[in-house]
Each structure stands twice: as C-alpha cells, then as structure tokens.
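Novice: Sequence first, then the predicted structure:
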Amino acid sequence: MSASPNTAGEQTADSRRRRKTDWQQDTKHRATLDAMRVPPWEEQRTQYLTRLLFWVLGLAYFNLGGAAQTSAWVSLAVFNAVFLFYGVEIAWFMRHAARRLDVRWRWHVTMWVDLLAASFAILADPAAISPGFLVYLMVILGNGMRYGLRLFAEAVAGSLLCALLIIGLRLFDYLDAISVSAAFFLLFFVIIVLYSYSLTANIEKGRRRTEDERDRDHLTGLLNRRALYERAERLFRDPATGSEPLVVLFADLDRFKAVNDNHGHHVGDRVLADIGRLFAGSVRDTDLVARYGGDEFLLILRDMDLAEAGVLAERLQKTLADWSRRENVDLSLSVGLGQYPDHGADLKAVIERVDQAMYRSKLVRGGGGILQVGQVVPAVAAP
Ligand SMILES: Nc1nc2c(ncn2[C@@H]2O[C@H](COP(=O)(O)OP(=O)(O)OP(=O)(O)O)[C@@H](O)[C@H]2O)c(=O)[nH]1
C-alpha cells in the first residue's frame, strides 16, 4: 500500500468521500439506535402506576371532593362510566407491556388515550382552570423523557390540539375566567414545556454519545463484539423476527499481518477503518455489522437465505479486491456462512460453526474462499 501522503486534491476528495460515508453511517446508526431503544419494564411499570394514580385521583376529585358535581357537558354517571373504561384500558395495556416491552403502537395509543381522558376530565370539571390541565404536562414530560423527542413532540401537538378543542367547546366559561393569574398559568406552562424539551434534547444527545462510545469499535465505527451480541440477542428474542432465519457471515482478511509488517500499524489501522466503511456501506439498515476481532468482521443478515448471502459475500470480496487494487495492497477475504436455527441452537453456537467453516476454507484454499457450514471445500483446480 502506498503509505505516502496523497496530493492535496486527492486528500480533499478522499476526506469528502470519508465525511459522506461517515455521515451515511452515522445516519444509519442513529436510525438503528432509535429502532432499538426500549425503556425497561421497571420504567414502563412506573408509567402505568402513575396512570393508575391519576385515574384514582380523577375519580376521587369528581366523586368525593368539594366538586362532587360535573359541568353541564358531562353527568357524573357518564364520567364514571368513561373512567371505568379508562381504568380497564390502563390495566389491559399494563399486562400487555409486561409481556412485550417493544411495541411502538402501544406507546402512541396509550399516550393519546391519556390525552383524551385528561381532556374529558377537563370538560367535565365545573372549574374553568381545571387541575386536569396539569395532566397534559405529565403526559408530555412522562412520554418525552421516556421514549425520546419524537413522542415529546407528538405529546405537545396532541395536548395543544385537545386544549384548543376544549377551549372551543367551553369558550364562554373561559372568556369569563380570563384573568392575570390564568394568563400567567398558561405562560408558565409553555415555558416549562419548552425548557423540558431543550433539557430532554441535551439528555438524549448525551445518551447517544455514551451509547456510541460503549457500542462502537473506535477504529472502524462498526459495532463491537459486545454490542453485536446484545443487539443480535434482541433480534432473536423479538417475536417479530425471532422465528425468521438469520444468516451469520464471518469474514476474515487474508494476509493482513503482512500489511502491518510491511507498512506499519498506522497503515494497518487505516486499512481496517476503510474496509469497515466499505462493509457498512454494502449492507442494508436492518443488518448488523461488527468488527469481531483484529481483522475479523461479522455480519448478521435478516430476510435473506444462504444463497443470497453467498452473493453478498462475493460482492464483499469484489469490493475489497477493487479497493486493494486501487490502494495497491495485497489482501483478500475468506468468508464463512451459516444460518440460525439450522446450524446452532443459539447465536454463539452458530458463530462458532461459521468461524470453523471460514477457517477450513482459508486452510484449504489459502484465502479468498466462501464456505457454508457443513459444505465440503470445493477442490481447487490443479494448475
Ligand atoms: N493495525 C492493526 N493491526 C491489528 C489490530 N488488531 C489486530 N491486528 C493484527 O492483525 C493480525 C491478525 O492476525 P492474522 O489473522 O493471523 O493475520 P493474517 O495475516 O490475516 O493471517 P491469515 O488470516 O491466516 O491470512 C495480527 O498481526 C494483529 O497484530 C489493529 O487494531 N490494528
């Protein structure tokens, strides 16, 4: 490999290309993070218990307190019936959450039901400045801080929509209630929401940075081995993907040690980083790509059979061959392929067998081969 510095023009083109690939990888990575982030059961349980607390308080407010009556809009009997239904909804979704944590539609539906329940309580409240308005704040903060900025924004939009609807319906009550304290109440409410949004955005940024440092191989930007296992385990556990076959592709560079020996470790590092980028750019968003060890890469591929994975492996080999020719480095790629559940009861077992297949191919072919688990190494034609 030419270790000498490039010309200024080449450097600019190269750094631009690298920045672009960095950006693509970053975007791809962020999407993956977003797709994988799930609050643990303890956090989701706290949210359901908080809902139940507000449900009890709502019933007590209308049935026990001084305001043991409702507005002209809703009778007490109707209020109780609707709230009974709301309580059943909370209990049902809590049971659902205990069984399956990562169900996005449930997070959205429960948030909107909370907003509708709070709006209904505000409509039923004879007092114009109802404590129910503070429930909007709970919904915005509770969902935003737990599930991220997208749900935060959705909760703000939903609260605004519901509040406008109620104000429209009870316009005359609100015209009567306009006062300096009501205006300040509204102002404080808006400031708290904006302030919390900016705090949540900062927390989110910090969380992503920490996750990045923990999960990424610093040289290639790919997942490290620990993160690969963690994310792959999630794929295996997820009922949506758990029953579908997953292909494991193990790739090891041939003759990489010579790059280090001939050009130095700093060049070896650059080679690994470039190859990591090439591999990350060759797969889909739904696939997992990791640096497994020194010059080993591991890919977990979804929605693909072994024949299709074989085509991908050939493509990776060709991409590497083109890159090696361009950079004048003598490298090729040995690949092992296997499939869960056919080749092992769990991820670790499949990886072990795929690693052996790759190694067998390397041993017999001397590099540049592709071998499936259980496949006989094709004989190399005699010269
Ligand atoms: N530059 C660099 N080298 C590394 C890094 N991690 C491991 N290596 C080197 O990668 C090499 C991996 O060893 P091998 O797989 O036996 O090397 P190889 O020449 O590819 O051997 P074959 O796979 O049999 O062709 C060793 O020389 C390690 O020192 C790293 O982060 N940077």
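Specialist: Ah, there it is. Residues are numbered from 1 along each chain as shown.

Novice: any idea where the strands of the stretch 251-383 of the chain begin and end?
Specialist: 288-293, 296-301, 332-340, 370-372 (DSSP state E, counting those that start in this stretch).

Novice: go on, the stretch 101-250 of the chain?
Specialist: So, for the stretch 101-250 of the chain - with DSSP E, counting those that start in this stretch - the strands run 246-254.

Novice: so what's the residue in the stretch 101-250 of the chain that the ligand sits nearest to up against?
Specialist: Nearest residue of the stretch 101-250 of the chain to the ligand: Leu219, at 5.6 Å (CB to the nearest ligand atom). C-beta: built from backbone N, CA, C; applies to glycine. Neighbour list for Leu219: 269, 272-273, 276, 291 [criterion: CB atoms under 8 Å, 6 or more residues apart in numbering].

Novice: now the strands of the stretch 251-383 of the chain in JSON lines, with mean neighbour count and mean pLDDT?
Specialist: Formatted as JSON lines, the strands of the stretch 251-383 of the chain follow (neighbours: other CB atoms under 10 Å; pLDDT from 0 to 100):
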{"stretch": "strand 288-293", "mean neighbour count": "21", "mean pLDDT": "94"}
{"stretch": "strand 296-301", "mean neighbour count": "23", "mean pLDDT": "96"}
{"stretch": "strand 332-340", "mean neighbour count": "25", "mean pLDDT": "95"}
{"stretch": "strand 370-372", "mean neighbour count": "25", "mean pLDDT": "94"}
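
Novice: could I get the ones you listed as TSV with distance to the ligand?
Specialist: What follows is those, written out as TSV (distance: least, CB to the nearest ligand atom, whole Å):
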stretch	distance to the ligand
strand 288-293	7
strand 296-301	7
strand 332-340	7
strand 370-372	14
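
Novice: now the helices for the stretch 201-350 of the chain?
Specialist: 225-237, 239-242, 256-263, 265-281, 306-327, 347-365 (DSSP state H, counting those that start in this stretch).

Novice: Make JSON lines out of those and add distance to the ligand.
Specialist: What follows is the helices of the stretch 201-350 of the chain, written out as JSON lines (distance: least, CB to the nearest ligand atom, whole Å):
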{"stretch": "helix 225-237", "distance to the ligand": "13"}
{"stretch": "helix 239-242", "distance to the ligand": "31"}
{"stretch": "helix 256-263", "distance to the ligand": "3"}
{"stretch": "helix 265-281", "distance to the ligand": "3"}
{"stretch": "helix 306-327", "distance to the ligand": "13"}
{"stretch": "helix 347-365", "distance to the ligand": "6"}
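
Novice: Any stretches of this protein with poor pLDDT?
Specialist: 1-37, 65-68, 237-243, 377-383 (pLDDT under 70).

Novice: where does it come near the ligand, residue by residue?
Specialist: 219, 252-258, 260, 265, 268-269, 272, 294-295, 367 (CB under 6 Å from any ligand atom).

Novice: and this protein, what are its domains?
Specialist: 41-213, 220-372 (automatic domain parsing).

Novice: Just name the most buried of these.
Specialist: Mean neighbour count (mean count of other CB atoms under 10 Å) peaks for domain 220-372 among those, with a mean of 18.

Novice: Quick one: end-to-end distance for that one.
Specialist: One end of domain 220-372 sits 26 Å from the other (CA to CA, to the nearest Å).

Novice: Could you do stretch 257-275 as well?
Specialist: 15 Å.

Novice: among the helices of the stretch 201-350 of the chain, which is nearest Ala91?
Specialist: Nearest to Ala91, of all these, is helix 239-242, at 22.1 Å by CB to CB.

Novice: gap between the residue of the stretch 101-250 of the chain closest to the ligand and Glu204?
Specialist: 26 Å (CB to CB, to the nearest Å).

Novice: Equivalent analysis for Ser334, please.
Specialist: Ser334 is 41 Å from Glu204, by CB to CB.

Novice: Kindly report the same for Asp285.
Specialist: From Asp285 to Glu204 the distance is 20 Å (CB to CB).

Novice: Same question for Trp107.
Specialist: Distance from Trp107 to Glu204, counting by CB to CB: 16 Å.

Novice: Arg302 now?
Specialist: 27 Å.

Novice: what does Ala345 give?
Specialist: For Ala345 relative to Glu204 (CB to CB), the value is 37 Å.

Novice: nearest to Asp114, of the residues of the chain next to the ligand?
Specialist: Nearest member of the residues of the chain next to the ligand to Asp114, counting by CB to CB, is Leu219, at 45.6 Å.

Novice: how about the helices of the stretch 1-150 of the chain, start to end?
Specialist: 8-36, 41-63, 76-99, 104-124, 132-147, 149-169.

Novice: List just the one of those that sits closest to Leu223.
Specialist: helix 8-36 (8.9 Å).

Novice: circling back: quick one, which of the strands of the stretch 251-383 of the chain gets closest to Pro131.
Specialist: For the strands of the stretch 251-383 of the chain, proximity to Pro131 was assessed by CB to CB; strand 288-293 is nearest, at 47.6 Å.
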